[in-house]
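> Structural data only, the sequence is not supplied:
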Ligand SMILES: [Zn+2]
């Protein structure tokens with residue numbers, strides 16, 4: 001290994017697992033190392049674990065500590081990314097934790113933080129499906145709908161970190177709006193997240209619709225997508241609704257930041273082209289011609305590694 005080369009460390013801090021990764025300057029992931037979060041040890045214990053895992057990672061990757069040019073962390077919750085402060089993280093049970101200050105003291109490196117969805121989006125743009133494209137919007141369709149907006153190779157965080165919260169784009173008309181966890185209603189997340197898809201499936205069963213979903217005891221989003229592919233009318237309608245509002249949200253964003261590419265990842269996106277083709281159809285129906293021309297919608301490619309790659313990239317793009 002070239003001893004003069006610089007490397008970047010990314011940390012993906014989750015409620016149960018801390019994943020760390022080391023990238024070169026081109027966003028290539030060279031090694032990962034992970035261990036338990038042990039959230040019950042409170043912030044101080046978790047940050048100590050991070051230090052242990054990062055030092056182990058660097059030693060396993062075979063590079064020297066001096067070659068580490070920076071450390072980034074993707075953290076679930078509400079952050080003051082400029083101060084490097086976690087204001088509140090329900091997943092971790094944290095309030096007002098000065099992550100940047102504590103980790104910089106422990107590691108002796110510059111530390112940047114951002115929320116986990118922004119980090120995952122950045123990962124796809126730096127080393128994944130958006131590589132080489134400077135205007136991209138990434139969607140993560142998981143328990144919620146996360147997002148990241150990259151404009152001219154720079155992550156759009158906004159003045160207080162709410163930039164890119166595309167799960168809360170109000171796209172569902174009031175007449176059919178569902179209440180969102182954020183306290184509002186009609187958010188994209190209520191119809192396009194795994195949680196939203198499961199909710200709509202249960203509602204269809206409760207309404208007594210003729211559906212194969214009624215025979216499933218604990219319905220998952222994957223069940224709904226599988227049944228839709230098999231032609232179950234209720235499931236088809238739920239997926240169509242998710243695709244419609246995803247496509248509509250992309251049409252809105254296409255006249256805000258005019259991205260060249262939309263990258264779609266997360267558990268729900270594992271349905272592959274079945275879902276993406278439907279989203280694409282709605283996007284083209286809603287979007288202005290000049291804003292949709294030469295724009296594509298592609299699946300994410302980094303999977304669970306997007307978070308560490310993006311966190312590592314915070315030094316270059318954040
Ligand atoms: Zn919401």
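Sure thing, it's come through. These numbers come from a predicted model, not from an experiment.
> For the most centrally placed residue in the chain, pull up the helix or strand it's in.
Most central residue of the chain, judged by C-alpha distance to the mean C-alpha position with Cα atoms, centre = their mean, is residue 117 at 3.2 Å. Here residue 117, judged by DSSP states H and E, is contained in helix 116-127.
> Moving C-terminal from that helix, which element do we reach first?
strand 136-141.
> For that following strand, which outside residues touch it?
Strand 136-141 is contacted from outside by 117, 120-121, 124-125, 130, 145-150, 166, 192-194, 246, 250, 253, 257, 259-269, 300, using Cβ atoms under 8 Å, 6 or more residues apart in numbering. For the C-beta atoms, the positions are set from N, CA and C on the backbone; glycine is no exception.
> Okay, now the sheet partners of that strand, with direction.
Counting by DSSP bridges, the strands paired with strand 136-141 are strand 145-151 (antiparallel), strand 261-265 (parallel).
> same question for that strand, mean pLDDT?
The predicted model assigns strand 136-141 a mean pLDDT of 94.
> before we move on, the earlier item: what's the helix holding residue 117 packed up against?
Judged by 3 or more Cβ pairs under 8 Å, 6 or more residues apart in numbering; DSSP states H and E, helix 116-127 is in contact with strand 7-13, strand 68-75, strand 136-141, strand 145-151, strand 154-155, strand 261-265, helix 306-317.
> Can you name the residues of the chain sitting close to the ion?
Residues of the chain lying close to the ion by Cβ under 5 Å from the ion are 168, 180, 182, 184, 187.
> Could you pull up the residues touching the first one?
Yep, that's residue 168 we're talking about. If you count contacts by Cβ under 8 Å, 6+ apart, then residue 168 has 180, 182, 184, 187-189 around it.
> I figured residue 13 hits residue 74, correct?
Yes - counting by Cβ atoms under 8 Å, residue 13 does reach residue 74; the two are 6.7 Å apart.
> Kindly provide the whole-number mean pLDDT of the longest helix that the chain contains.
As assigned by DSSP state H, the longest helix anywhere in the chain is helix 233-254. Across helix 233-254, pLDDT averages out at 98.
> residues of that helix that come out buried?
Residues 234-236, 238-239, 241-254 are the ones in helix 233-254 that count as buried (16 or more other Cβ atoms under 10 Å).
> So for residue 37, what's the nearest residue that isn't a sequence neighbour?
residue 18 (5.2 Å; Cβ to Cβ, 6 or more residues apart in numbering).
> I figured that neighbour was touching residue 47, is that so?
No - contact criterion Cβ under 8 Å: residue 18 and residue 47 do not qualify, at 9.9 Å.
> Which of those two has more residues huddled nearby?
residue 18 (25 against 21; other Cβ atoms under 10 Å).
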